[in-house]
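In: Quick one: sequence plus predicted model below, questions after.
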Amino acid sequence: MPDKPWVMRTYAGHSSAAESNALYRRNLAKGQTGLSVAFDLPTQTGYDPDHVLSRGEVGKVGVPIPHLGAMRRLFQDIPLAEMNTSMTINATAMWLLAMYQVAAEEQGAHPDSLSGTTQNDIIKEYLSRGTYVFPPEASMRLTTDMIAYTVHEIPKWNPLNICSYHLQEAGATPTQELAYALCTAIAVLDSVRASGQVEEKDFEQVVGRISFFVNAGVRFIEETCKMRAFGQLWDEITRERYGVQDPKMRRLRYGVQVNSLGLTEAQPENNIQRIVLEMLGVSLSKNARARAIQLPAWNEALGLPRPWDQQWSLRLQQVLAFESDLLEYEDIFDGSHVIEAKVAELVEGAKAEIDRVQAMGGAVAAVESGYMKGELVASHSERRARIENGDLKVVGVNIYTETEASPLTQDLDAAIQTADPEAERAAIADIEQWRAERDQGAVDEALDRLRTEAKTDANLMDATLQAVRAGATVGEWAGALREVFGEYRAPTGVSGAVGVAEAGAALTAVRDRVAATGQELGTRLRLLVGKPGLDGHSNGAEQIAVRARDAGFEVIYQGIRLTPEQIVAAAVAEDVHCVGLSILSGSHMELVPEVLAGLKDAGLGDVPVIVGGIIPESDAEALEAQGVAAVFTPKDFDMTQVMGRIVDEIRRANQLETE
């Protein structure tokens, strides 16, 4: 009798609750067996759609769910008592879980019938995705409160899904991915135990409800070994550190989104075989098989996937599960000397790194010191350098670049989903109507209670549920907690140059041009790297900043989440020679023109602006027509060449000779 297949999901949500609801129901009808909700950046970072920082971001990378009415629409005609729902939400996870619970109760479902997952892994937000809101200690308090609440009230819910996925996207090696994810688990479990909110007899339930969300790269043998090592390490930690006796409670429970970092804009049809290989890494080994898998689409490096693209990825899973004989056998790797040796190597390396982080005081201390972020930036920089020098081969990018024209991309504008341009306006109108129709007195009372209890050690879930029922919004909930906890800017991890001798002749030549141009202008060249809006995916910006320092620029990089006005102010204050903007959330057509206009008003209209991100060709042409000097996308993998182009634009702007 074949094993039961894993839960099959696609990560989806965009534009509005109503449109996302229709998409979910279509996907479920196609055989998808669970929901995975993508929220837009304002929802993830605790801002309402009409906040200044939400400009251009509403409905772009997910669905806006700022209040209970939107949550009701999102799951209309989807019975939540029967559904397994994964919500990719972290800083505002308590708020979204509370809205989900209330929406389910309105359907007649009791909380103890609900099953699903809130990601709620705030540590990796400081390291990779950037959707944190509060300082680490306050964020850990919210996570602890949620875990304690679900153990008692929503026992089938996974309140924490430790997400090493984004660590790999930020450049983590398999050893780092293992170590930093497990250090996060230790930090959370220690916090729950220290809080006293869960009795010792129930602590096994806490451990048993923690799940992991991992990445699987194209080196699928290594990824298979990584997952076997993950299971061994988790079993050892939960048994020895926390005294968990029940083997079922020590079992590594994990889901997967396979690697998007390695998906290419060049020859994107090759991404399909990459995705299949990555899926094999987390499905071939029965003893380390994922419990849920969601696959990216072939065109994610081009833009937002369409429903057909998501269907293609779902069919990849279904063919493997139902047409192959994969599920008919015991673990095919048991007894392999090669696999056992690699697993042992990964376990040893991960233990050494875990010990290093614990000696610093644990994961929170390693975030605050910048250690873990710096290690990831360095690993990512090394990976990019290996692609540039050809040591790491990527088909279609730095090897076998000759290609026939692809019918998949003949019409690039039609090859991706276009976000609804009216989504932001509609969301603003919706929230204005929501505020107008609610009982403002009840909202004020609930938010006052939230502020008061946030100053104590009370579990904040009840106060949050009261705010949901009263009709508060995500921006109001997060705003009340910001008043108590404050906000936070995480270390960027961007350190000095790696050394010209290691970088090769190409970078040496660019460095000479940077120095010569600075001499001609009478000052060192200054590059401002800015991330406007709420996009927290800072990997590209960090790598540009590191390479620019390698090339001899003075780099001004203040991290994520800046308004166009703040970027312009920094350009004026630092008297920069070039402004580089990094945007991966799709908000480039709204935010870049605002920066251009701000620079012009400030008298810096002649300062070249370059833009990098997931930017369709038609958008790139439109931005260049508005005055952007250059647009770079994932196909521009050689950052030394990018540095050379920046020098060209600075020289052109200052009427100096160019090569």
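Out: Yep, it's here.

In: Could you pull up phi and psi at the residue nearest to Pro135 when sequence neighbours are not counted?
Out: In space, and not counting its chain neighbours, Pro135 is closest to Tyr488: 4.3 Å by Cβ to Cβ, 6 or more residues apart in numbering. Heads up, the C-betas are built off the backbone N, CA and C, glycines and all. Per-residue torsions, Tyr488: phi -150, psi 140 (degrees, to the nearest 10).

In: confidence score at Tyr488?
Out: Tyr488 carries a pLDDT score of 85 in this model.

In: What sits closest to Gly62 if chain neighbours are left out?
Out: Ala38 (3.5 Å).

In: which residues does the one you found contact?
Out: By Cβ atoms under 8 Å, 6 or more residues apart in numbering, the residues touching Ala38 are Tyr11, Ala12, Gly13, His14, Val61, Gly62, Val63, Thr88.

In: What is the neighbour count of Arg425?
Out: Burial of Arg425 is recorded as 12 neighbouring residues (other Cβ atoms under 10 Å).

In: With Leu656 instead?
Out: When neighbours are counted by other Cβ under 10 Å, Leu656 comes out with 14.

In: Could you do Lys351 as well?
Out: 18.

In: what's the next secondary structure element after the strand or helix carrying it?
Out: Following DSSP states H and E, one finds Lys351 within helix 337-359. On the C-terminal side of helix 337-359, the closest following helix or strand by DSSP H and E is helix 363-368.

In: And that following helix, what does it pack against?
Out: helix 123-124, helix 136-153, helix 174-195, helix 371-389 (3 or more Cβ pairs under 8 Å, 6 or more residues apart in numbering; DSSP states H and E).

In: And the contacts of the first one?
Out: When you say that, I think you mean helix 123-124. Residues contacting helix 123-124 (Cβ under 8 Å, 6+ apart): 136, 162-164, 166-167, 180-181, 183-184, 187, 363-364, 367.

In: Restricted to buried residues, select those residues in PyMOL.
Out: This is the PyMOL syntax for the buried subset of the contacts of helix 123-124, where burial follows 16 or more other Cβ atoms under 10 Å:
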select buried, resi 136+162+163+164+166+167+180+181+183+184+187+363+364+367
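
In: Distance to Ala478 and pLDDT added to the contacts of helix 123-124, as TSV?
Out: Compiled in TSV, those are given as follows (distance: Cβ to Cβ, whole Å; pLDDT from 0 to 100):
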residue	distance to Ala478	pLDDT
Pro136	16	92
Ile162	22	93
Cys163	20	89
Ser164	26	88
His166	21	85
Leu167	25	89
Tyr180	26	95
Ala181	26	95
Cys183	26	96
Thr184	22	95
Ala187	22	95
Ala363	23	93
Val364	20	92
Val367	20	91
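
In: what's the spacing between Arg141 and Asn459?
Out: Distance, Arg141 to Asn459, using Cβ to Cβ, to the nearest Å: 10 Å.

In: Next: Arg129.
Out: In terms of Cβ to Cβ, Arg129 sits 26 Å off from Asn459.

In: same thing with Val474?
Out: For Val474 relative to Asn459 (Cβ to Cβ), the value is 20 Å.

In: likewise Ile615?
Out: For Ile615 relative to Asn459 (Cβ to Cβ), the value is 44 Å.

In: again with Asn21
Out: From Asn21 to Asn459 the distance is 31 Å (Cβ to Cβ).

In: okay, now Thr456: neighbour count?
Out: 8.

In: and stretch 183-198, C-alpha only, in PDB?
Out: Only the C-alpha atoms of stretch 183-198 are listed here, as PDB (Å, rounded to 0.1, in the frame of the first residue of the first chain):
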ATOM      1  CA  CYS A 183      19.300  28.100  17.400                       C
ATOM      2  CA  THR A 184      16.000  29.800  16.800                       C
ATOM      3  CA  ALA A 185      14.100  26.800  18.100                       C
ATOM      4  CA  ILE A 186      16.200  26.700  21.200                       C
ATOM      5  CA  ALA A 187      15.600  30.400  21.800                       C
ATOM      6  CA  VAL A 188      11.800  30.100  21.500                       C
ATOM      7  CA  LEU A 189      11.600  26.900  23.600                       C
ATOM      8  CA  ASP A 190      13.700  28.500  26.300                       C
ATOM      9  CA  SER A 191      11.500  31.500  26.300                       C
ATOM     10  CA  VAL A 192       8.300  29.500  26.600                       C
ATOM     11  CA  ARG A 193       9.700  27.500  29.400                       C
ATOM     12  CA  ALA A 194      11.000  30.600  31.200                       C
ATOM     13  CA  SER A 195       7.600  32.400  30.800                       C
ATOM     14  CA  GLY A 196       5.900  29.800  33.100                       C
ATOM     15  CA  GLN A 197       2.800  29.900  30.900                       C
ATOM     16  CA  VAL A 198       3.000  26.200  30.100                       C
END
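
In: which residues touch it?
Out: Contacts of stretch 183-198 (Cβ under 8 Å, 6+ apart): 121, 123-124, 140-141, 143-145, 147-148, 151, 160, 162, 203, 205-207, 210, 212, 234, 237, 241-242, 354, 357-358, 362-364, 366, 457, 459.

In: and Phe212, what helix or strand is that in?
Out: Going by DSSP H and E, Phe212 is part of strand 211-214.

In: Going by neighbour count, list what's buried in that strand.
Out: Ser211, Phe212, Phe213, Val214.

In: wait, which of the residues you listed is closest to Glu422?
Out: Phe213 (32.5 Å; Cβ to Cβ).

In: So for the closest one, what pLDDT did the model give?
Out: pLDDT at Phe213 comes out at 89.

In: Show me what it is bridged to.
Out: Cys163, Gly255 (DSSP bridges).

In: okay, now Ala597: neighbour count?
Out: 15.

In: And it, which helix or strand is it part of?
Out: helix 588-601.

In: CA atoms only: put that helix into PDB for me.
Out: Output of helix 588-601 as PDB, limited to C-alpha atoms (Å, rounded to 0.1, in the frame of the first residue of the first chain):
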ATOM      1  CA  HIS A 588       9.000  50.200  -8.600                       C
ATOM      2  CA  MET A 589       6.500  52.100 -10.900                       C
ATOM      3  CA  GLU A 590       5.100  54.000  -7.900                       C
ATOM      4  CA  LEU A 591       8.200  54.600  -5.800                       C
ATOM      5  CA  VAL A 592      11.000  55.200  -8.300                       C
ATOM      6  CA  PRO A 593       9.300  58.200  -9.900                       C
ATOM      7  CA  GLU A 594       8.800  59.700  -6.400                       C
ATOM      8  CA  VAL A 595      12.500  59.400  -5.800                       C
ATOM      9  CA  LEU A 596      13.300  61.000  -9.200                       C
ATOM     10  CA  ALA A 597      10.900  63.900  -8.500                       C
ATOM     11  CA  GLY A 598      12.300  64.400  -5.000                       C
ATOM     12  CA  LEU A 599      15.900  64.500  -6.300                       C
ATOM     13  CA  LYS A 600      14.900  67.100  -8.900                       C
ATOM     14  CA  ASP A 601      13.100  69.300  -6.300                       C
END
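
In: buried ones in it?
Out: So for helix 588-601, counting by 16+ other Cβ under 10 Å, buried means His588, Met589, Glu590, Leu591, Val592, Pro593, Glu594, Val595, Leu596, Gly598, Leu599.

In: For the residue positioned nearest the centre of the chain, give its distance to Met227.
Out: Centroid-nearest residue in the chain, with Cα atoms, centre = their mean: Arg129, separated by 3.9 Å. As judged by Cβ to Cβ, Arg129 and Met227 stand 22 Å apart.

In: what's the answer for Val647, then?
Out: Val647 is 44 Å from Met227, by Cβ to Cβ.

In: Compare neighbour counts for the two and give me the winner.
Out: Met227 (28 against 25).

In: so that one makes contact with Gly281?
Out: Yes. Using Cβ atoms under 8 Å, Met227 makes contact with Gly281 at a distance of 7.4 Å.

In: For the two, list the residues in contact with both.
Out: Joint contacts of Met227 and Gly281 (Cβ under 8 Å, 6+ apart) are Ala216.
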